[in-house]
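Participant: just to be clear, the model below is a prediction. Sequence and coordinates:
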Amino acid sequence: MVETLRPEPSRSYRWIVLVVVSMTMFGNYYVYDCIAPIADLLAKQLGFSDSNIGLLQAIYSIPNVFMVLVGGYIVDRIGTRKGILLFGTICLLGAGVTVLEGKLAVMATGRLIFGLGAESLIVAVTTAIAAAVEEQGAATREIARNIQHAAGGTSQVSSNIVGVSTASADAGVAANEVLKASAALRREADGLRSEIDAFLNNIRAA
């Protein structure tokens with residue numbers, strides 16, 4: 001069975017995918033790290049204690065105790081595209097809930113939802129990048145096989161040309177041998193004719 005390779009995506013499509021994936025990862029890390037820079041602001045304006053701010057940071061990690069494994073399984077089941085869309089949507093929802101209201105319970109809920117999707121989103125994006133690299137490698141290997149096949153065909157043609165040249169040379173040698181034999185036979189015939197003429201002359205003279 002011949003394996004059919006999908007057509008290579010256009011240059012603009014690859015750049016669009018690269019920008020989307022980059023912005024997705026940037027947004028993921030930005031939301032994750034956004035608490036620490038505004039810790040003083042949260043303490044002054046919302047009256048959060050250090051324990052409250054630590055809770056907002058720590059609650060992100062609670063679902064990732066199991067979501068890394070579960071997220072990887074989900075990505076394998078539904079594919080990288082749907083996985084990125086699913087976990088990206090969860091992250092967006094979590095970020096929206098976090099900034100919805102300046103109350104600890106609401107913000108902690110948003111951080112928890114964000115944690116449900118963030119690490120799994122990283123798994124999905126990493127899987128997509130690995131698949132793209134593998135697909136590129138497969139296309140490169142296919143090109144290499146075609147080049148090797150073409151090189152093998154060229155070598156076969158060269159061998160055939162050498163064989164024809166050798167056969168032509170052998171035919172030329174054989175033709176020279178035939179010419180030499182023909183010349184020798186002609187000389188023998190001329191000598192025999194001379195002897196016959198001499199014999200007939202002797203008979204007439206007698």
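Facilitator: Happy to help now that I have it. Computed from a predicted model, the values in this text were never measured in an experiment. Residues are numbered from 1 along each chain as shown.

Participant: alpha carbons only for contacts and neighbour counts from here, please
Facilitator: Noted.

Participant: where does the chain dip in pLDDT?
Facilitator: Residues of the chain that meet the criterion pLDDT under 70 lie in 1-9, 131-176, 178-179, 181-183, 185, 189, 192-193, 195, 197-206.

Participant: where do the helices sit along it?
Facilitator: Applying DSSP state H to the chain gives helices spanning 11-32, 39-45, 50-58, 64-78, 80-98, 104-205.

Participant: show me what the fourth one is in contact with.
Facilitator: Which is helix 64-78. Here helix 64-78 makes contact (CA atoms under 8 Å, 6 or more residues apart in numbering) with Lys82, Gly83, Gly115, Leu116, Gly117, Glu119, Ser120, Leu121, Val123, Ala124.

Participant: filter those to the buried ones?
Facilitator: Gly83, Gly115, Leu116, Gly117, Glu119, Ser120, Leu121, Val123, Ala124 (16 or more other CA atoms under 10 Å).

Participant: from Thr89, how far out is the closest residue in space to Leu104 that isn't next to it in sequence?
Facilitator: Spatially, and ignoring its direct neighbours in sequence, Leu104 is nearest to Asn52 (7.2 Å; CA to CA, 6 or more residues apart in numbering). In this view, Asn52 and Thr89 are 26 Å apart by CA to CA, to the nearest Å.

Participant: ok, Gly71 next?
Facilitator: According to CA to CA, Gly71 stands 14 Å off from Thr89.

Participant: rewinding a little: residues near the residue nearest to Leu104, how many?
Facilitator: Number of residues near Asn52 (other CA atoms under 10 Å) recorded here: 17.

Participant: also Ala105?
Facilitator: Applying other CA under 10 Å, we find 13 residues neighbouring Ala105.

Participant: where's it relative to Met67, distance?
Facilitator: Ala105 sits 22 Å away from Met67, going by CA to CA.

Participant: how about Ile78?
Facilitator: From Ile78 to Met67 the distance is 16 Å (CA to CA).

Participant: how about Trp15?
Facilitator: With distances taken as CA to CA, Trp15 is found 30 Å from Met67.

Participant: between these two, which has more neighbouring residues?
Facilitator: Counting neighbours by other CA under 10 Å for Trp15 and for Met67 shows that Met67 has the greater number, 19 against 11.

Participant: want to try a markdown table for the buried ones among the contacts of helix 64-78, with distance to Ile62 as columns?
Facilitator: Shown next, in a markdown table, are the buried ones among the contacts of helix 64-78 (distance: CA to CA, whole Å):
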| residue | distance to Ile62 |
| --- | --- |
| Gly83 | 21 |
| Gly115 | 8 |
| Leu116 | 9 |
| Gly117 | 12 |
| Glu119 | 11 |
| Ser120 | 13 |
| Leu121 | 16 |
| Val123 | 17 |
| Ala124 | 19 |
